[in-house]
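Undergrad: Please work out how this folds:
(one chain, ligands or ions: 2)
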Amino acid sequence: MVGDIVREYVHGVARSDLVKALIRSHQRGDDSAFQRAAKELIDDERRKRHDLVAEQLEAILKEPGHRRRPPQVSSLRPLPKTRDDLPLISLEEPRLSFQDLVLPDPVVSVFESLVEEFRQRSAMRAHGVSPRSSVLLVGPPGSGKSASAEATAAQLGLPIARVRLATIVSSYLGETARHLEQIFSFLDVGSWVLIFDEFDMLGRERGDRADHGELRRVVAAMLQVVDDHRSDSLFIATSNHPTLLDSAVWRRFDEIVEFESPDQTARSEILSLKLRSVRCDFDLTGAAQKMEEFSAAEVEAVALDAIRVMVRRLDKCVTSDHIAHAINRGEARRQIIHHSQG
Ligand SMILES: Nc1ncnc2c1ncn2[C@@H]1O[C@H](COP(=O)(O)OP(=O)(O)OP(=O)(O)O)[C@@H](O)[C@H]1O
Ligand SMILES: [Mg+2]
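TA: Ligands and ions are numbered 1, 2, ... in the order given. Predicted coordinates for the structure are as follows:
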């Protein structure tokens, strides 16, 4: 039966991309991409009114054992640690891919070129040029900076080494600078995507803390590690307070990518992307219009909320009522955050 279904797909020209996505996700062991491709195939069947096939596929997808545990990332080398034995980074497998994100074309092409360059780093070096290996992502909260860093790791098939900010900023004098050096020397062996979220937190302290000597050391160490970073790892820092970063730090990065709040078209694309697994019956453009000033993450939250409302009410598709309810809740959340930030 499964064979028949697969044969049927292979003959469908429009579905060939979905089949490719299925096989690719299987090869990469990317369970979430596999689930997405499988769900799209099922939707496609439904659109064609092949309800029986859609149901059979859904049943296969629900069979136990289809979900693999996410592969555990481990390192042969001990992780860099504080003197109190706390790890300065955590190792993770990327879960998000660029297919989960709606980004402007210029941003997508910067990431594509970075990935391509990184893959061809040996050839680059043979020609006497270094591939770009340090990237700073700047932009407002919830615009997809951390998600894009993760998707870059997925695209490269590399594990993530994520900086644990709270651990790295040590109360011991001189330790923060040393922690940075430890992290970067860990990267010298192996290939990782080092993600350093809220990178500005290091620079921000410069004016705040009493001990200016220590802060100067941190900033100097930061400049040094970014400057010296020439390993087989990609370093991606993110910040939503770029003005707090020293201009000297900005200059050290090989590439700076600016993220923006989504415009109306992007908002409606995010909404339909995040609702792709359910049937919908509402005015997408109208909904996107109502979410003016919502960040990408907030639009995503509306989509997920609308699905929750649909399930709670035992409805079969997301309606304008569910969406309106979710937008109102999103708006209320925004107000609370706005008030609490003064
Ligand atoms: N452009 C986008 N397209 C689709 N989904 C998005 C986008 N941006 C963010 N999201 C969703 O919102 C979640 C949160 O976004 P993310 O953590 O990447 O924001 P950020 O820019 O790093 O924010 P912050 O500055 O607060 O750290 C993501 O995991 C993703 O699911
Ligand atoms: Mg982030």
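
Undergrad: For the rest of this, base every contact and every neighbour count on C-alpha atoms.
TA: Will do.

Undergrad: Name the helix or strand for the most centrally placed residue in the chain, please.
TA: The C-alpha lying nearest the average C-alpha coordinate of the chain belongs to residue 147 (Cα atoms, centre = their mean; 1.6 Å). Using DSSP states H and E, residue 147 sits within helix 145-156.

Undergrad: if we can go back for a sec, can you classify the closest residue to the residue nearest to the centre of the chain other than its chain neighbours by secondary structure?
TA: Leaving aside its chain neighbours, residue 147 sits nearest to residue 96 (6.6 Å; criterion: Cα to Cα, 6 or more residues apart in numbering). At residue 96, secondary structure determined by DSSP: H, G, I helix; E, B strand; the rest coil is coil.

Undergrad: burial of residue 96, as a residue count?
TA: 21 (other Cα atoms under 10 Å).

Undergrad: what's the spacing between it and residue 33?
TA: Distance of residue 96 to residue 33, given as Cα to Cα, to the nearest Å: 9 Å.

Undergrad: same thing with residue 51?
TA: Going from residue 51 to residue 33 by Cα to Cα gives 23 Å.

Undergrad: Kindly report the same for residue 265.
TA: Taken as Cα to Cα, the span from residue 265 to residue 33 is 24 Å.

Undergrad: which residues does the residue of the stretch 201-342 of the chain found nearest ligand 1 contact?
TA: Of the residues in the stretch 201-342 of the chain, the one nearest ligand 1 is residue 297, at a distance of 3.4 Å by Cα to the nearest ligand atom. For residue 297, the contact set (Cα atoms under 8 Å, 6 or more residues apart in numbering) comprises 142-144.

Undergrad: between the residues you listed, which is nearest residue 166?
TA: residue 142 (20.5 Å; Cα to Cα).

Undergrad: Close to ligand 1: what parts of this structure are there?
TA: Residues of the chain lying close to ligand 1 by Cα under 6 Å from any ligand atom are 100-103, 140-147, 240, 270, 296-297, 300.

Undergrad: contact partners of the helix or strand just after the helix holding residue 147?
TA: Remark: after helix 145-156, the chain's next helix or strand is strand 160-163, criterion DSSP H and E. Applying Cα under 8 Å, 6+ apart, the external contacts of strand 160-163 come out as 88-94, 150, 153, 192-197.

Undergrad: now, which of the residues you listed lie within strands?
TA: Among the contacts of strand 160-163, the members falling in strands (DSSP state E) are 89-92, 193-196.

Undergrad: hmm, back to that, which one's more surrounded, residue 51 and residue 33?
TA: residue 33 (21 against 14).

Undergrad: excluding its backbone neighbours, what's nearest the more buried one?
TA: residue 25 (5.6 Å).

Undergrad: angle of the strand or helix carrying the one you found against helix 145-156?
TA: Using DSSP H and E, residue 25 maps to helix 16-28. Going by axes from the mean of the first three to the mean of the last three Cα atoms, to 10 degrees, helix 16-28 is angled at 80 degrees with respect to helix 145-156.

Undergrad: Need the mean per-residue confidence for helix 16-28.
TA: Helix 16-28 shows a mean pLDDT of 77.

Undergrad: Tell me the buried residues in that helix?
TA: By 16 or more other Cα atoms under 10 Å, the buried positions in helix 16-28 come out as 18-19, 21-22, 25.

Undergrad: and if you look at stretch 298-315?
TA: In stretch 298-315, counting by 16+ other Cα under 10 Å, buried: 298-307, 309-310.

Undergrad: Over to stretch 326-340?
TA: Along stretch 326-340, these residues count as buried under the neighbour rule (16+ other Cα under 10 Å): 326-327, 330-331.

Undergrad: Helices - which of those land there?
TA: In helices, judged by DSSP state H, the following of these are found: 326-327, 330-331.

Undergrad: All set now, cheers.
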